[in-house]
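Asker: Here you go, sequence then predicted model.
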Amino acid sequence: MNEQYAVVFPGQGAQYVGMGKPLLDEFALAREVFDEASESLGWDIQKLVLEDPDGILDLTQYTQPALLTVSVAVWRVFADAVEADPTYVAGLSLGEYSALVAAASLSLSDAVRLVHLRGQYMQEAVPEGVGGMAAVIGLEGSVVEAICDGLSTACAHVTAANLNCPGQVVISGHAGAVARASERAKEMGARKAVTLPVSAPFHSALMEPARVRLEEAMDGVSFADARFPVVSNVSGTPLTDAGSIRQGLLEQMTSPVRWEDSVRYILGRGVDTLVELGPKNTLTAFMRRIDRNAKALAAEDPQGIRQVVAAL
């Protein structure tokens, strides 16, 4: 077994109706995760994930607990089958909560409640149409950050929100400022700048009202020191201390997600294999753009988990 591997968890955007069904069909462990999440939330998350009868899965406050529940179910089945703990865990934005459940810093029941509220607070922080996000393709992160810094004002804020991989940076802020930064990026050589169909300007200063409300919600939640290091979205470095982990989740609301830095930190510490657990394989695609020589594996169903465990 390869002792040096890291596990990473996807963020919002990876959801789809029916995710997790093969796992639920085969593993009691997965069904227990869904039952625990439903009991904590007070509504049937399995019905939402498998059927989405009310068409709400893509609404942020439902997307977040749904993705977390599926990701944790995949983790529990994987962890039951693999011999050694990961050297590090990490997750993209929302995925950081999945990583913290995996590392036993947060209980599943607390985590699903928190992310349900987190999604609601993010949605309500900015009136519809005021904020926006765009993906800038073909410019390095430092260039995009400089463009945003040069254009941003208190009344027209724009910032780099997700530094995902070389040549892909998501910007966020007031809609007009995002549009101006997108045009400037194209003038500076970006291949394209694509407006994203999101409901709020995530990971920007406009999320400050959501951050304040989330901090209040966290008052009733117990954080523990992590069993293994969780690489923070905000710093791109590992955290294990409960207080630092809690603070990192709050800072994440208004700070850029430094995913490329996080992956490079992990790879720079002798880990050459990243295992993505959860719906789709977005992070695996990022990984291949960050370092083509590193091994990237992904699993979301029983067959995928078995293949990853065998590969390790």
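Answerer: Perfect, thanks for sending it. Numbering: from 1, shown residues only.

Asker: This structure: strands as residue ranges?
Answerer: 5-9, 88-91, 131-137, 158-165, 168-174, 192-195, 230-231, 238-239, 273-277, 295-299 (DSSP state E).

Asker: so what secondary structure elements neighbour the second one?
Answerer: So the one you mean is strand 88-91. strand 5-9, helix 95-102, strand 230-231, helix 259-267 (3 or more Cβ pairs under 8 Å, 6 or more residues apart in numbering; DSSP states H and E). Every C-beta, even on glycine, is put in place using the N, C-alpha and C of the backbone.

Asker: Looking at these, which is nearest to residue 43?
Answerer: Residue 43 lies closest, by Cβ to Cβ, to one member of those: helix 95-102, at 18.6 Å.

Asker: one step back: residue 87: which of the helices and strands packed on strand 88-91 is closest?
Answerer: strand 5-9 (5.8 Å).

Asker: mind giving me the domain ranges of the chain?
Answerer: 5-125+207-311, 131-198 (automatic domain parsing).

Asker: Adding mean pLDDT, distance to residue 284 and mean neighbour count, write the strands of the chain out as CSV.
Answerer: Output for those, formatted as CSV (pLDDT from 0 to 100; distance: least, Cβ to Cβ, whole Å; neighbours: other Cβ atoms under 10 Å):
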stretch, mean pLDDT, distance to residue 284, mean neighbour count
strand 5-9, 97, 9, 28
strand 88-91, 98, 13, 28
strand 131-137, 96, 18, 22
strand 158-165, 96, 11, 25
strand 168-174, 97, 14, 26
strand 192-195, 95, 21, 15
strand 230-231, 98, 16, 24
strand 238-239, 97, 21, 22
strand 273-277, 97, 5, 27
strand 295-299, 96, 4, 20
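
Asker: Low-confidence ranges, the stretch 1-150 of the chain, go.
Answerer: The stretch 1-150 of the chain contains residues with pLDDT under 70 at 1-3.

Asker: Please enumerate the helices of it.
Answerer: 21-26, 28-41, 45-50, 60-81, 95-102, 108-124, 141-151 (DSSP state H, counting those that start in this stretch).

Asker: Deepest-packed of those helices, please.
Answerer: Highest mean neighbour count among these (mean count of other Cβ atoms under 10 Å): helix 95-102, with a mean of 29.

Asker: on that earlier part again, out of the helices and strands packed on strand 88-91, nearest to residue 69?
Answerer: Among the helices and strands packed on strand 88-91, helix 95-102 sits nearest to residue 69 (Cβ to Cβ), with 9.1 Å.

Asker: and residue 298, what does it touch?
Answerer: Under the criterion of Cβ atoms under 8 Å, 6 or more residues apart in numbering, the contact list for residue 298 reads 275-277, 281, 283-284, 304, 308.

Asker: List just the nearest of those to residue 226.
Answerer: Once Cβ to Cβ is applied, the member of those that ends up nearest residue 226 is residue 277, at 16.6 Å.

Asker: In contact with that closest one, which residues?
Answerer: 7-9, 71, 74-75, 78, 298-300.

Asker: ditto for residue 146
Answerer: Counting by Cβ under 8 Å, 6+ apart, residue 146 has no contacts.

Asker: ok, now how distant is residue 16 from residue 52?
Answerer: Per Cβ to Cβ, to the nearest Å, residue 16 is found 9 Å from residue 52.

Asker: Please give me every residue in contact with residue 230.
Answerer: 88-90, 96, 99-100, 103, 105, 238-240, 245.

Asker: Of all the strands of the chain, which one comes closest to residue 265?
Answerer: Ranked by Cβ to Cβ, the member of the strands of the chain that lies closest to residue 265 is strand 230-231, at 6.0 Å.

Asker: starting at the chain centroid, how far to that closest one?
Answerer: For strand 230-231, the separation from the chain centroid amounts to 12 Å (computed by Cα atoms, centre = their mean, to the nearest Å).

Asker: burial count for residue 246?
Answerer: Other residues lying near residue 246 total 19 when counted by other Cβ atoms under 10 Å.

Asker: Quick check: it touching residue 218?
Answerer: Yes: in terms of Cβ atoms under 8 Å, residue 246 counts as a neighbour of residue 218; the distance is 6.2 Å.

Asker: which one of the helices and strands packed on strand 88-91 lies closest to residue 111?
Answerer: helix 95-102 (5.0 Å).
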